[in-house]
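Trainee: Provided below for reference: sequence and predicted model.
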Amino acid sequence: LVRLRSRLARSQSSLGRGLLTVLARERLTEDDWEEIEETLLAADVGVAATTEIVERLRTQAMVLATASGEELRALLVRELTAVLGPDLDRSLAVDRHDGRPGVVLVVGVNGAGKTTTVGKIARVLVGDGRSVVLGAADTFRAAAADQLETWGERVGVLTVRGREGADPASVAFEAARTGVEAEVDTVVVDTAGRLHTKSGLMDELGKIKRVVEKQSPVTEVLLVLDATTGQNGVIQARVFTEAVDVTGIVLTKLDGTAKGGIVISVQRELGIPVKLIGLGEGADDLAPFEAEEFAEGLVG
Ligand code: GDP
C-alpha cells in the first residue's frame, strides 16, 4: 500500500504552500482568515465544515495569541482530523461468516473506478493471504467483464462472468455459489453503474443483494465515488445510498484533483465512512483511509 501522507502531499490534493504561507504570517488579519476559508472551500471541504474549522481555529489562535505558523498548522491538522471522524470504524468486513465467504458488493456510476477498485481490493486481500473469487456482474458492457478478468489473472484469482446482457443478479449469485463451493474467504462483486432510472437501479442492486444472500452473507457494500466529480458526485451518491445499505465509501482519483477536501463533504453529507482511497490506476494505488494522515497530507 502506498504511503498516504507523502503521496497526498506530493499530489495536487495538497492545500499546499499558499495556506502555509498565510498561517506563518506574524498576525493574521481578517483578509488572511478569509484566504484560509477560501482555500478550504476551493478544496471542496464544504461550507459547513469550513465555517466550523475556521471558527475553531480562530478561537484557538486568539487564546494562544502568539501562535506560530507551525502551531497553527498543527491546529488546522487537528481540526481537519476531528471533522474527518478519527474514531469511525473504517475496517473492511471481508472475512468468512458462519462458514461462508464474506461478500463485498462494489457499486457506483460507470467510470467511477469500480472495476479498477475491485482489482486493487483483490490484490490487497490476496496479499494478506486470503482466498478470493471475483464476480463480473456488470453485464451491460462486455469490456467490463474482460477488464475484471484481466485484473483477476494479474492478481491470480478466479473471475466468474456471465454472457453479455445476462441478469447481473444471476452472475452475482453464481460468483457467490462458486465462492461457497471453493470455500474462499471473500467474494468481491463488480456491479453495473447505469443510472438511467433510479427505481431500475434500486431494483437491481436490491435484487443482487437478496439473491447473493441466498448463498453467502453480504458483509460490505462499497460505494465507489470519483473525487474529481466534486459536489455532483455527492448528489449521485445519494441515489445509491437510498438503493442499498452502503457500508463504506471508496474515493477514487484523489491523485488527480486539487479537491481532496471532498472526503469531508462526502462523509458529512452521506454519513458513511470513507474506508479506502484510490491514488492512481495501478494495482497498488489503493490506501486505507486514515483521518490524521489524510489531514496531514491535505495541509501539505
Ligand atoms: P468503472 O466503470 O466504475 O468500473 O470504472 P473503471 O474501473 O473502468 O475506471 C475508469 C477509469 O478510471 C479507468 O481509466 C481507470 O484506470 C481510472 N481510475 C480508477 N481509479 C483511479 C484512481 O484512483 N486514480 C486515477 N488516476 N485513475 C483511476
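Mentor: Everything's here; your move.
Trainee: gap between the nearest residue to T139 once chain neighbours are set aside and V160?
Mentor: Excluding the flanking residues, the one nearest T139 by C-beta to C-beta, 6 or more residues apart in numbering is A166, at 4.8 Å. Any C-beta I mention is one placed from the backbone N, CA and C, and that applies to glycine too. Distance, A166 to V160, using C-beta to C-beta, to the nearest Å: 11 Å.
Trainee: The two: which has the busier surroundings?
Mentor: Counted by other C-beta atoms under 10 Å, A166 and V160 do not tie: V160 has more neighbours, with 24 against 16.
Trainee: how many neighbours does whichever residue of the stretch 151-300 of the chain sits closest to the ligand have?
Mentor: For the stretch 151-300 of the chain, the nearest residue to the ligand under the criterion C-beta to the nearest ligand atom is G278, separated by 2.5 Å. When neighbours are counted by other C-beta under 10 Å, G278 registers 25.
Trainee: list the contacts for the nearest residue to it once chain neighbours are set aside?
Mentor: Nearest non-adjacent residue to G278, counting by C-beta to C-beta, 6+ apart: T252, 3.5 Å away. By C-beta atoms under 8 Å, 6 or more residues apart in numbering, the residues touching T252 are A112, G113, T116, T117, V224, L225, D226, A227, I277, G278.
Trainee: Narrow these to those that are buried.
Mentor: When the contacts of T252 are checked for burial by 16 or more other C-beta atoms under 10 Å, the buried set is A112, G113, T116, T117, V224, L225, D226, A227, I277, G278.
Trainee: residues contacting the third one?
Mentor: Each residue near T116 by C-beta under 8 Å, 6+ apart is listed here: W151, T252, G278, E281.
Trainee: let's see 10 Å
Mentor: The contact partners of T116, by C-beta atoms under 10 Å, 6 or more residues apart in numbering, come to 147-148, 151, 190, 224, 252-253, 278, 280-283, 285-286.
Trainee: which of these tops the neighbour count?
Mentor: Counting neighbours by other C-beta under 10 Å, D190 leads the contacts of T116 with 33 neighbours.
Trainee: name the element that one belongs to?
Mentor: strand 186-191 (DSSP states H and E).
Trainee: pLDDT (mean, whole number) over that strand?
Mentor: For strand 186-191, mean pLDDT rounds to 97.
Trainee: Repeat that for stretch 229-243.
Mentor: So the average pLDDT for stretch 229-243 ends up being 85.
Trainee: May I see the buried residues of that stretch?
Mentor: Neighbour-count burial for stretch 229-243, counted by 16+ other C-beta under 10 Å, picks out T229, G230, G233, V234, Q236, A237, F240, T241, A243.
Trainee: Secondary structure added to these, as JSON lines?
Mentor: JSON lines is the format used below for those (DSSP: H, G, I helix; E, B strand; the rest coil):
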{"residue": "T229", "secondary structure": "helix"}
{"residue": "G230", "secondary structure": "helix"}
{"residue": "G233", "secondary structure": "helix"}
{"residue": "V234", "secondary structure": "helix"}
{"residue": "Q236", "secondary structure": "helix"}
{"residue": "A237", "secondary structure": "helix"}
{"residue": "F240", "secondary structure": "helix"}
{"residue": "T241", "secondary structure": "helix"}
{"residue": "A243", "secondary structure": "helix"}
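Trainee: Now for the residue nearest to T139: which residues touch it?
Mentor: A136, A137, T139, F140, A145, E174.
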